[in-house]
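*Asks:* My questions concern the predicted model and sequence given below.
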Protein chains: 2
Amino acid sequence: MQRTSFEDMNCSIARTLDIVGEWWSLLIVRDAFLGVTKFDDFQARLTISRNILTQRLNHLVDNEILQRVPYQDHPPRYEYRLTEKGRDLFHAVTAIREWGDRWLAPDGPPLKLRHNKCEHVATTVPVCSHCGARLDIEDVTSFPGPGAVEGDYDRTRLEGMSTKRRVPRSR
Amino acid sequence: MQRTSFEDMNCSIARTLDIVGEWWSLLIVRDAFLGVTKFDDFQARLTISRNILTQRLNHLVDNEILQRVPYQDHPPRYEYRLTEKGRDLFHAVTAIREWGDRWLAPDGPPLKLRHNKCEHVATTVPVCSHCGARLDIEDVTSFPGPGAVEGDYDRTRLEGMSTKRRVPRSR
C-alpha cells in the first residue's frame, strides 16, 4: 500500500516521519542503537519478513540513516551501521522511549541509561539552549521560523504571524 | 490494512509507536500543540479524508492523548484537547522536530521556539537528570531495566545482562 509522502509538507516533523515514521523503521534504528548490525539479527529480533526488512533497510540507507559496510569478501557480506545523521536520532528515540516509560510501562522501564561520567542512572531532561532552565510546553512560545511559508500556520494560534517566504521552495 | 500491534512488544518505543506511530497521529498531535482543536481545522490542515481523521482522532481519544470536550449544546459540538498524557508528548515531538530541522530543513526551521522566561529563541538540549551535563549517545550506557524480560536483548550488546523478570507480565 503506497501512502502519501509527507516530504512536501513544510514541516520538520512531517519530513522526519517520512523517513522514520514507518512503523518498522524506528524499531530498526532502536536495535541499531543496541548494537545490532546484521540482517539476520534484525530479522530475528523484529520477526519481520525478509522482504519488508530489506525494503526498510534500503530506505534507511537511501536516506543516510544507516550505511552498508562490507565485513567479509568471500562471500560478500554487509552489516548496517548508523551514520552521524542516524546517531543523531538518539535524542528523538530517547524522548519517545521515555514518554513510553512514563505512560505505558506498568512494570517499570524495560531499558535504563547510566550516565558514564557521573555514573548515575539517569533520564534526560530537556533544557533551554540559552539559559539552561528546564523547558516544558508551558515555558515556550512558538512562532514561524525562516523556513516557514505562507499558509503553514493557517487555522492555528500562529495564524497571521509573518512568514518570510511566500511560496514553498521547489524541492 | 490491519497491521501487527506493537503493544505486546516489551519496549517503550514500540508501545509508543502503537499509539502515535501511525503516520497521521503525530501530525494531529503537532497541530494540537499549535492550538488546533476543531475537526474541520484538523481536516483542512492535514487534507486527510474525514473518515481517516475520525478514526485517528478516536484512536487518540481512546488512548487518552486527546479528550473530546463539548463546546456547544444545540447542535452538540465537540473539540479535541490534549490531555496531560498528550501534552507530555511535547518532548518527543520537539526532539523529532529538531532532528528534522538539523537534517531536513534546507531553508531553515519552519518553526522556532522562544523561551518565555529568558526571552531567547532556543532549542532544547537533553541533559542528565542527575548531574545536568549534556547527554549524547556516547555519554550513556544502556542496560535492562525493571520492566525487562528474558529475551528482550537477545542478539544485542546487552545480551546476557540479567533481567529481573523471566516472563512477560500478562497484559
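*Replies:* Cool, got the structure.

*Asks:* gap between the spatially most central residue of chain A and residue B:65?
*Replies:* Nearest residue to the geometric centre of chain A (C-alpha atoms, centre = their mean): residue A:89, 4.6 Å. Distance, residue A:89 to residue B:65, by C-beta to C-beta, to the nearest Å: 22 Å. C-betas here are computed from N, CA, C, even on glycine.

*Asks:* Residue A:68 - nearest residue in space that isn't next to it in sequence?
*Replies:* In this structure, residue A:68 finds its nearest non-sequential neighbour in residue A:78, 4.5 Å apart by C-beta to C-beta, 6 or more residues apart in numbering or on different chains.

*Asks:* contacting residues for that neighbour?
*Replies:* Shown in contact with residue A:78 (C-beta atoms under 8 Å, 6 or more residues apart in numbering or on different chains): A:39, A:68-71.

*Asks:* if we go to 10 Å?
*Replies:* A:37-39, A:57, A:61, A:67-72 (C-beta atoms under 10 Å, 6 or more residues apart in numbering or on different chains).

*Asks:* same question, residue A:119
*Replies:* Residue A:119 neighbours (C-beta under 10 Å, 6+ apart): B:130-131, B:141.

*Asks:* Could you do residue A:86 as well?
*Replies:* Applying C-beta under 10 Å, 6+ apart, the residues near residue A:86 are A:20, A:28-29, A:32-33, A:60-61, A:63-67, A:80, B:103.

*Asks:* Identify those among the residues you listed that sit within strands.
*Replies:* A:66-67, A:80 (DSSP state E).

*Asks:* now the helices: where do they sit in chain A?
*Replies:* Counting by DSSP state H, chain A has helices at residues A:12-20, A:23-33, A:39-46, A:50-62, A:84-87, A:90-103.

*Asks:* Mind listing what's buried along the longest one?
*Replies:* Pointing back at helix A:90-103 there. Residues of helix A:90-103 classed as buried: A:90-101, A:103 (neighbour count, 16 or more other C-beta atoms under 10 Å in any protein chain shown).

*Asks:* before we move on, what about the second one?
*Replies:* Of all the residues in helix A:23-33, those buried under the rule 16+ other C-beta under 10 Å are A:23-33.
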